[in-house]
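>>> Turn this into a model:
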Amino acid sequence: MSAPIRILVADDHLIIRQGLRLILETQEGFELVGEAADGAEAVKLCGELKPDVVLMDLRMPGMDGLTAIERLRTEQPGIAVVILTTFNEDDLMMRGLRLGAKGYLLKDTDRETLFNTIQAASRGETLLRPEIMSRVLAQGQAGGAPASIQTDLTVRELEVLRGVAQGERSKEIAFRLGITERTVKAHLASIYNRLGVDSRAAAIAVASQRGIL
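All right, here's what the predicted structure looks like:
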């Protein structure tokens, strides 16, 4: 049996932390190792507890979630961050993705989405619900990026990127395009390099702002 995914929850609302604790403690494969009420405490506890995944609220007193994500990316890049958010935080979500967050979770999400998103983040993958993805893309288009701002992605890289934006895993993209999973990962590495990002979520955010998606 594989070790459980170690999770830290950072949210200034006690009821959110208690709710997530109740859900995670009753599901095999997950272990809630700590709770933080602000970004500074989250960064500190990550250094001490070494969780696999952090569920990070964006609006917290003192150090906010965005600053904490940036700190973790620099100091502890091996820890995956999933943003805890609401529908009225589109701009903050985009910024969080560009800073390296693996994805989003709505605070009223269902249990299955919660578990699937955490599992994907722990594997270094991004899992975004379609309705959230549509808001990311709409927010990127609303940013008014000139149509002339493009990138030199190859046709195959664009096909891979579109698959990522649709929520496909590397294995699914490989099957659809008739290539190996290793080749997909090579294309992803090239996409990240060209866009100046280091995750699927960030690639989607930047590509949407540039009008690529």
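>>> per-residue confidence averaged over stretch 94-101?
The predicted model assigns stretch 94-101 a mean pLDDT of 80.
>>> can you dump the C-alpha coordinates of that stretch into CSV?
Provided in CSV are the C-alpha atoms of stretch 94-101 (Å, rounded to 0.1, in the frame of the first residue of the first chain):
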residue,chain,number,x,y,z
MET,A,94,-4.7,33.6,-12.8
ARG,A,95,-1.9,35.2,-10.8
GLY,A,96,-1.7,32.1,-8.6
LEU,A,97,-1.3,29.9,-11.6
ARG,A,98,1.4,32.0,-13.0
LEU,A,99,3.2,31.7,-9.7
GLY,A,100,3.2,27.9,-10.0
ALA,A,101,0.0,26.7,-8.4
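>>> so where do the strands sit in this protein?
5-10, 30-36, 53-57, 80-85, 103-106 (DSSP state E).
>>> Export those to CSV and append columns for distance to I69.
Bear in mind the C-beta positions are built from the backbone N, C-alpha and C, glycine included. Below are these laid out as CSV (distance: least, Cβ to Cβ, whole Å):
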stretch, distance to I69
strand 5-10, 10
strand 30-36, 13
strand 53-57, 6
strand 80-85, 5
strand 103-106, 12
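>>> And these, which one averages the lowest pLDDT?
For these, where the average pLDDT is lowest is strand 103-106, sitting at a mean of 83.
>>> before we move on, the earlier item: most neighbours per residue, which of the strands of the chain?
strand 53-57 (a mean of 27; mean count of other Cβ atoms under 10 Å).
>>> What helices and strands are in contact with it?
strand 5-10, helix 39-49, helix 65-75, strand 80-85, helix 111-122 (3 or more Cβ pairs under 8 Å, 6 or more residues apart in numbering; DSSP states H and E).
>>> Any idea which of these gets closest to R194?
Closest approach to R194 among these is made by helix 65-75 (19.6 Å; Cβ to Cβ).
>>> rewinding a little: now for the helices and strands packed on strand 53-57, which one comes closest to R182?
Using Cβ to Cβ, these put helix 111-122 closest to R182, at 19.6 Å.
>>> What number of neighbouring residues does the residue nearest to V206 when sequence neighbours are not counted come out with?
The shortest distance from V206 to any non-neighbouring residue, by Cβ to Cβ, 6 or more residues apart in numbering, is to L195 (4.8 Å). Using other Cβ atoms under 10 Å, L195 has 20 neighbouring residues.
>>> Over to R59?
Count around R59 with other Cβ under 10 Å applied: 15.
>>> before we move on, what about G124?
So G124, with other Cβ under 10 Å, has 11 neighbours.
>>> That one and V81, how far apart?
12 Å (Cβ to Cβ, to the nearest Å).
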